[in-house]
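**Q** test case, fold it:
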Amino acid sequence: NILKCRPPGNRNPQPDEISRCEPFLKKQLQLIAPEVICALGTFAAKTLLKTDIPISVLRGRFHSYEGIKLMPPYHPAYLLPNPAAKKQVWEDVKIIMKELNLPY
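**A** Purely as a prediction, here's the structure:
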């Protein structure tokens, strides 16, 4: 998650909330040093990549966040009303698994 707490009413985080939490996220990533970030959903992907490009265009290939490969699949909540997108998410997951040399 972009924030360390959930905004009231399940709303999207505000820019000031993101700017206050981003240093913590960056520090966590420095400590963990992940090979890949899986940014689930539009909000996470657009926020981390600092872009307005739709996730439908972003998904399916790696991007870079702070020098770390980032894959932006659709959020699981999106799949409930859009089950046809499950195949695309599985394709994204397979790309991640291949990058990590994991079997699928």
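**Q** mind checking how far the spatially most central residue of the chain is from Ser64?
**A** For the chain, the residue nearest the mean C-alpha position is Ala39 (1.0 Å; CA atoms, centre = their mean). Per CB to CB, to the nearest Å, Ala39 is found 12 Å from Ser64. Yep, even glycine has a C-beta here, placed from its N, CA and C like the rest.
**Q** so for the two, which residues contact both of them?
**A** Residues touching both Ala39 and Ser64 (CB atoms under 8 Å, 6 or more residues apart in numbering): Leu70.
**Q** from Ile96, how far off is Pro73?
**A** Taking CB to CB, one finds Pro73 at 8 Å from Ile96.
**Q** who has more neighbours, those two?
**A** Pro73 (26 against 18; other CB atoms under 10 Å).
**Q** which ones are touching the more buried one?
**A** 38, 40, 59, 88-89, 92-93.
**Q** quick one: which helix or strand includes Cys21?
**A** Element membership for Cys21, per DSSP states H and E: helix 15-32.
**Q** quick check, pLDDT for Ile18.
**A** pLDDT for Ile18: 89.
**Q** quick revisit: pick the one among the contacts of Pro73 closest to Cys21.
**A** Leu40 (16.7 Å; CB to CB).
**Q** my read: the closest one touches Tyr78, true?
**A** No. Using CB atoms under 8 Å, Leu40 is not in contact with Tyr78, being 9.2 Å away.
**Q** more neighbours: these two, which one.
**A** Between Leu40 and Tyr78, counted using other CB under 10 Å, the more crowded position is Leu40 (20 against 16).
**Q** what sits against the more buried one?
**A** 72-76.
**Q** of those - the most surrounded one?
**A** Neighbour counts for these peak at Pro72, which has 28 neighbours (criterion: other CB under 10 Å).
**Q** any idea how far that one is from Gly41?
**A** Counting by CB to CB - Pro72 and Gly41 are separated by 8 Å.
**Q** so what sits against both of those two?
**A** Residues touching both Pro72 and Gly41 by CB under 8 Å, 6+ apart: Ile55.
**Q** where along this structure do the strands fall?
**A** With DSSP state E as the criterion, the chain has strands at 36-38, 63-65, 68-71.
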